[in-house]
Structure formats: structure tokens, C-alpha cells
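Colleague: Starting from these lines, generate the structure:
(2 chains)
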Amino acid sequence: MKATIKSKFTKEKLHRFVFGSKEKEGAGKQIIVYGLLICIGFIYLYPILYMISTSFMNRDDLLDTSVKWIPSALYIQNYIDAAKSLDFWSSIGKGIAIAGLPTILNVITCMFIGYGFATFNFKGKKFFMGLLIFSYILPSQVTMIPTYVLYNDMGILGSLWTFVLPAMFGNGLNSPIFILIFYQFFRQVPKVLLEAAHIDGAGYFKSFVRIAIPSAAPAILTVFLFSFVWYWNESYLTEMYVRGLSTHSDWTNLVIQLKNFDMSFNTLAQVGDTATNLNESVRMAATSLSILPLLVMYFILQRYFIESIDRTGITGE
Amino acid sequence: MSKEKKVKKPKGKLGKLEKREARAGYLFIAPWLIGVILFMLYPLAQSFYYMWYNIRITPLGTKFIPVGTGNFTQIWLENPEFPKQIVTYLWQTIVQVPIIVVFALMIAMMLNGKIRFKGFFRLIFFLPVIIVSGPVMNMLVDQEAASIPAMNIQSITAAFGTFLPQSAAESVGEIFSNMIMILWYSGVQILIFLSALQKIDPALYEAAKIDGGSKWECFWKITLPTIKPMILLNAVYSVIFMSSNEQNELINMIQRAMFSGTKEKGYGYASAMAWMYSLVVTLVVLVFFLLLGSKKDVYDRQVKKRKRAMKKEARLVKKIERRGIRNVKKLEKARKKRKYRTYTGESDY
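Modeller: Numbering: from 1, shown residues only, chains lettered A, B, ... in the order given. You can find the predicted model right below:
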């Protein structure tokens, strides 16, 4: 009798230890959660780790089946060759220009438009909001061809204007999202503040500049970061408009360079400028180089990236 | 929003202040309006016009040769690639989007608990957002870095092939082979879910706990209904992201068709393709809207029902009243007539 009670007691204790009680999380559950998180985290990082480790291998390491993760020696020649055929520094500079300029315009116009939607009542507002969402859902491919023709007629194909112009008019890359972010944000600015400003004699524009913009710093930062990243990573439209598929202007960014990496590497190799043959290590080195600038930016500004969605209040209050 | 609705504005002309406000509103969104007309509506209409033509660019200028529905018949009947790719695209989105959303929700729930190194985990899970771009992904997929090692894809595909159609089994196999990539696409979604989860009132859970609700029940009855709009948002975001990603073979096909020098392809052909593609994407988004669209919650619905019933009753009462008045009038008329007649009759007597 006594023994059974005792065993029951310990069982309960064990149960409590593993599954937890109301106050404390159980150890078993915690182990499972941490285990899952670490496993998934590893899976997340796996391609990056693989990429980095492969990029340092020389050809012997690649062929050697006993070398799986850690290369026998740090072989940096891959990076040197990859950087050469990526045209690394000039591509970075151009990439920053391609991503940066439209981004700044995007921030300014989207802020304007979002404010307009958030604070004023006018006829057809709902319809325009619907149009805004529709313009987000609509794939850009359907408007791509006439837009291309339009740019061609305007003679701005193969220049930065092709990105600047739509961004100036609030139709840049993913602009609807940014407008919605600003819309959501400015709706939370108390109307009383704006009314007070009006009573004190501020016009609509002045109250926007003096009250709304200073309070919108988190949203501005979020939009800036996301817009920059998206523009940086956009290869399809950049190649089409800014580079010009048929004209091939000098504009390029790292992502496009990576896309055409094999070709440019081979031409360089024919000249005899490279020390290695084209193999997966070089490709991986090029890939790591092309994501390097954004990675650096991410690790410096990580806090703002991660808290961005929290701060803009896009999930509602 | 709801507060504004409750205050009924008297209909009629806008006041001076309201007019001014409306003007300011138009002024603020004017750039966007111009942009939408210039960069969306006008091209949309034009590509609609293009798709009925075969457009050839000659040194003398562009030639428009009307072909009627020729572009469509060519796409669907003569070129087997487009229909095939559309089917693959459909299967992929139908399978991948739920995976992404569910996975993001799971991760967000795990991160929402009391966890150490929360910031670190968030850092990892958000990292792919920075990196995903077409060429980078292509590189990684080519090197087979995007598949989980020690996963036999062939056998999985074969196993699914026994009870699914061929195209479906293939896309399922592809999903398994690119598992990491699908997980990579869920960075933004995780953050959206996380911030939505953190905004749920903990008092709700406490109340449920006091009433004896288990965690399982709490999830289904509290968490899920509260974040339902976010599920829709994430699903739509995933669809759009995947349909404009360069991993998507369809958009590359459209581009290739646009610049191909062959006789039958070109701008018109590509426009027709793009239109059909965007129709498919819109349809997929619509399906997700219908599936996940926010139905009003039970209380709201009942209130609405009751209001409607009351309105109906009031209308009925009014109708009866009106009919009553009419009847009384008729009766009076009739009585008057009769009275008159009877009166005359009586007088005749």
C-alpha cells in the first residue's frame, strides 16, 4: 500500500518535472522546444554554412570525399577570382546607387501618400485603397511589356530613371506595402495633435512636416531598410529596365553579376586572368561575396530589422 | 474606423472645411494617382490591347498584325510548356503556401514563449529575408545546398506518385528537395505572426485557464481566431512573393517570349501570357481570400441578424399600418358611397 502511494508520488513528480505545472514550464517541453529551435535554426543556416565552407575549398578538397565541411587549407584564391569577375567594388557602388536612390524617393512619396490616406476623408477613398491593394496583387509582368515600350519611347531605358520615375510617383517596387505601412502608422497619430496644430494656424502641409514626420521615425526606418533590401535583391526588373536587356548599359549590381557569373568568369579565364577553373567553390565564393554587403548591413542594423514589424504596428493594436 | 461609422453624417453638400480637407487629401495622394494611371492602368490597358496582335519590330517601325485569339491558341495548343508550367505553379502555391504559413506560425509560437536567446533565434530566422534573391537562390539550388541532407527525394516522390497525379507528385517531390528554401521564404511571416501573438491580451488566456481550458483549447479558441487576419495577410504575402520571385519559371518564360526574335512570339505573345498568368495569380489570391477571409465573429453576426430582423419587423409594421390606413380610407369611401346611396334610397322611400 505504502509502496504504491510512494511510486505514484514519484510518478507525479516526474510528470510535473517533464510537463511542468501551472507556474513553471516543464523541462521536457523546454527540451523539445529548444531542440526544435536549434534543429530548425541549423537547417536555416545550412545553405549558408555550406556555401562558406565550400567557397574556401580548392579543387583537391572538392574531389576528396573525406573532406566534407572543413577544407584542408584556407584557399582564398577563389574569392580573389570571383571578385575579379564580379567586378566587386564597382558593382557594389552601382548597386548602392540602384537601390539607394529609388529607396529614398520611395520613403518620401509613400510617406506622403500614406499620410493622405490616413488623415483625410475624401470621396472614393475606399475605392483608391482597393486599387492600391489590387496594384500589389497584380504581377508586374502584365504591365511590364507596355512599360518597357514606354521607357523605350522616352529613351530612358538602361538608365536609373527607369527605377526613379515609378518610385517618384509611388509605384516603385513593393510600394503598396510601404504605403500601407505608413497608412497604418499615421492612423495611430492622435488627431487631436493635428487639430491643435490647425487651431494654431498650421496648414495641412506644415502639420504634416512638423508633426507627422518627426513621429514617424520607426516607420521611415522600416520602409527604408526593406525597400533597400528589396531593390538590392531585385534582379529581374533591374536587368530589364536599368540594365536594359537589349541595350546592356553599364548599370549593374552584384545580383545581376552573379546571375551572369559563369559567362563573365569564362571570358576572364580565356584571357588568363584567373588562377582557378570554374567550379562550385568559385561559384560559392561569388555567391558569398554577393550577399556580403547586405549581411554586414544586417548584422549592424539587426535590431531595427527584427523590431521593424513590431514598430510599424502593421499587425494592429 | 467603427467609431467613425457610428456617427452618421447628414447627407448633402460638404461643408467648407470638409471640402478643404478632401482637397488636401487628393493633393497628398496625387502623386500616387498619377503613378497608378501612368504605371499601372495605362500599361494594363495597353497590354490588353497588345495581346490581340502579333507585334513585330522592324527597322521601319513596329508593325501590328491583328491575329485575334491566335496568341492564345498558340500558347495553349502549340506550345506545351506554358500549360505545364501553369499547372506546376498552381500545385506549388497550393502546397507551399500552407506549409510556409503553418511553419511560420509554429516557429512564432515557439519563440513567443519564455525562451532564452530569443533575439538570437529571431536573428537567424529573419536572415533569409536579406539574402533571398533569384540568382543567389539559383546558385544555392544548383549546388544542392537547398535540400536537407540525408533525405531521399526519389523515394518520396515515388511514394506520393502512387496516389497523386504525376504533376502533383513531382511538385511534392520538388518541395521536399527544396525544403530549406520554402522555410527560407517564411522570414517575414514569422515576424508578423510573432508581433501579432505578442499583442494578444494575456488576460484572455488567464480567463480561459480559470474556466478549465487546456492549452490545446486555448490555441484553437483564442490564438487562432485572434490572428486569423494575419494568417490571411501572410498567405497573400507568400503567394505574391512566390509569384514574383525569379525562382518562378513562368516569369522568366514571359521575359524570354518578349525578347525572342521568332516570328510568332514577341510583345503580343508575351502580353497574352502575362495576362493569363496574372489572372491565375489573382485567382489564387482570391481563393485564399475566400478560405481565410475574416468572417465576423459570432457575436457580431448575431447582432447583425437581430438588427436585420428588427428592421424587417419594423417594415412589416409600417406596411400593415399603411395598409390599415388605406383600408380605413377605402372603407370610409365605400361607406360614404353606401351612405349616399342608402341616403338617397331612404329619401326615395
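
Colleague: moving C-terminal of the worst-scoring helix or strand of chain A on mean pLDDT, what's the next helix or strand?
Modeller: Ranked by mean pLDDT, DSSP states H and E, the weakest helix or strand in chain A is helix A:2-19, scoring a mean of 63. Once the chain leaves helix A:2-19, the next helix or strand it forms, by DSSP states H and E, is helix A:27-55.

Colleague: The strand or helix carrying residue B:257 near chain A anywhere?
Modeller: Using DSSP H and E, residue B:257 maps to helix B:249-259. Yes. Using C-beta under 8 Å from any C-beta of the partner chain, helix B:249-259 reaches chain A at B:251, B:254-255, B:258-259. (C-beta placed from N, C-alpha, C; glycine too.)

Colleague: how much does the very next helix or strand once past that helix deviate in direction from helix B:249-259?
Modeller: For helix B:249-259, the following helix or strand on the C-terminal side (DSSP H and E) is helix B:267-292. Interaxial angle, helix B:267-292 versus helix B:249-259 (axes from the mean of the first three to the mean of the last three C-alpha atoms, to 10 degrees): 160 degrees.

Colleague: Of all residues in chain A, which one is nearest the centre?
Modeller: Of all residues in chain A, the one closest to the mean position by C-alpha atoms, centre = their mean is residue A:229, 3.8 Å from it.

Colleague: What residues does it make contact with?
Modeller: A:294, B:129-130 (C-beta atoms under 8 Å, 6 or more residues apart in numbering or on different chains).

Colleague: Pick the one among the residues you listed closest to residue B:290.
Modeller: Comparing these against residue B:290 with C-beta to C-beta places residue B:129 closest, at 28.3 Å.

Colleague: so, in contact with chain A or not, the helix or strand where that closest one lies?
Modeller: For residue B:129, the element it lies in under DSSP H and E is helix B:118-131. Yes. Residues of helix B:118-131 are located near chain A by C-beta under 8 Å from any C-beta, namely B:119, B:121-131.

Colleague: For that helix, name the packing helices and strands.
Modeller: helix A:27-55, helix A:217-233, helix A:280-300, helix A:302-312, helix B:81-112, helix B:179-184, helix B:187-198 (3 or more C-beta pairs under 8 Å, 6 or more residues apart in numbering or on different chains; DSSP states H and E).

Colleague: gap between it and the chain center?
Modeller: 27 Å (C-alpha atoms, centre = their mean, to the nearest Å).

Colleague: buried set for it?
Modeller: B:118, B:121-131 (16 or more other C-beta atoms under 10 Å in any protein chain shown).

Colleague: What parts of the stretch 201-317 of chain A come near chain B?
Modeller: A:204, A:208, A:229, A:232-236, A:240, A:245-246, A:255-256, A:258-259, A:261, A:280, A:283-284, A:286-287, A:290-291, A:294-295, A:297-298, A:302, A:305-306, A:308-310, A:314-317.

Colleague: if we can go back for a sec, going by neighbour count, which of the residues of helix B:249-259 next to chain A are buried?
Modeller: B:251, B:254-255, B:258.

Colleague: Point out where the chain drops to low pLDDT.
Modeller: Here I'm looking at chain A. For chain A, residues meeting the criterion pLDDT under 70 lie at A:1-9, A:16-25, A:65, A:67, A:246-247, A:272-278, A:313-317.

Colleague: Correction: the question concerned chain B.
Modeller: Using pLDDT under 70, chain B drops low at B:1-14, B:59-60, B:144-153, B:167, B:261, B:263, B:294-298, B:338-349.

Colleague: Can you get me a residue count around residue B:332?
Modeller: Summarising burial for residue B:332: neighbours were counted as other C-beta atoms under 10 Å in any protein chain shown, giving 11.

Colleague: that older thread, any chance of a ChimeraX selection covering the buried ones in the residues of the stretch 201-317 of chain A next to chain B?
Modeller: Entered in ChimeraX, the line below selects the buried ones among those, by 16+ other C-beta under 10 Å:
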select /A:204,208,229,232,233,234,235,236,240,255,256,258,259,261,280,283,284,286,287,290,291,294,297,298,302,305,306,308,309,310,314,315
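
Colleague: still on that earlier bit, and for the helix holding residue B:257, what's in contact with it?
Modeller: A:139, A:141, A:144-145, A:148, A:236, A:240, A:245-246, B:81-82, B:85-86, B:88-89, B:243-244, B:246, B:265-267, B:269-270, B:273-274, B:277.

Colleague: Whichever of the residues you listed end up buried, select them in ChimeraX.
Modeller: Here is the ChimeraX selection string for the buried members of the contacts of helix B:249-259, based on 16+ other C-beta under 10 Å:
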select /A:139,141,144,145,148,236,240 /B:82,85,86,88,89,243,244,246,265,266,267,269,270,273,274,277
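
Colleague: what's the closest non-adjacent residue to residue A:114?
Modeller: Nearest non-adjacent residue to residue A:114, counting by C-beta to C-beta, 6 or more residues apart in numbering or on different chains: residue A:182, 2.6 Å away.

Colleague: same deal with residue B:50?
Modeller: That would be residue B:271: by C-beta to C-beta, 6+ apart, it lies 3.9 Å from residue B:50.

Colleague: near chain B, which residues of the stretch 51-200 of chain A?
Modeller: A:51, A:54, A:109, A:112-113, A:115-117, A:119-123, A:125, A:128, A:131-132, A:135-150, A:166, A:168-171, A:179.

Colleague: what about the residue lying closest to residue A:234 once chain neighbours are set aside, which SS state?
Modeller: The spatially closest residue to residue A:234, leaving aside those adjacent along the chain, is residue A:173, at 5.9 Å (C-beta to C-beta, 6+ apart). Under DSSP: H, G, I helix; E, B strand; the rest coil, residue A:173 falls in the coil class.

Colleague: can you pull the contacts of residue A:173?
Modeller: A:102, A:106, A:163, A:167, A:227, A:230-231, A:234, A:237 are the contacts of residue A:173 under C-beta under 8 Å, 6+ apart.

Colleague: Rebuild those residues as TSV, extending it with distance to residue B:136.
Modeller: Listed next are the contacts of residue A:173 as TSV, based on distance: C-beta to C-beta, whole Å:
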residue	distance to residue B:136
A:102	20
A:106	23
A:163	20
A:167	24
A:227	19
A:230	14
A:231	15
A:234	12
A:237	16
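
Colleague: And those residues, which is closest to residue B:315?
Modeller: Of the contacts of residue A:173, the one sitting nearest to residue B:315 (C-beta to C-beta) turns out to be residue A:106, at 51.8 Å.

Colleague: So the closest one, which state does it fall into?
Modeller: Residue A:106 is classified as helix under three-state DSSP.

Colleague: Give me the contact list for stretch A:133-149.
Modeller: For stretch A:133-149, the surrounding residues in contact (C-beta under 8 Å, 6+ apart) are A:157, A:171, A:174, A:176-177, A:237, A:240-241, B:36, B:39-40, B:42-44, B:46-47, B:50, B:236, B:240, B:243-244, B:251, B:254, B:258, B:267, B:270-271, B:274-275, B:277-278, B:281-282, B:285.

Colleague: Which ChimeraX command selects the buried ones in those residues?
Modeller: To isolate the buried ones among the contacts of stretch A:133-149 in ChimeraX, judged by 16+ other C-beta under 10 Å, type:
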select /A:157,171,174,176,177,237,240,241 /B:36,39,40,43,44,46,47,50,236,240,243,244,251,254,258,267,270,271,274,275,277,278,281,282,285
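
Colleague: From residue A:229, how far off is residue A:223?
Modeller: 11 Å (C-beta to C-beta, to the nearest Å).

Colleague: cool, residue B:283 as well?
Modeller: 29 Å.

Colleague: Now do the contacts for the residue in the stretch 101-250 of chain B positioned nearest to chain A.
Modeller: Closest contact between the stretch 101-250 of chain B and chain A, by C-beta to the nearest C-beta, is at residue B:133 (3.4 Å). Applying C-beta under 8 Å, 6+ apart to residue B:133 gives the contacts A:232-235, A:255, B:246.

Colleague: Going by distance to residue A:76, which of those residues wins?
Modeller: Set against residue A:76, the nearest of the contacts of residue B:133 by C-beta to C-beta is residue A:255 (23.0 Å).
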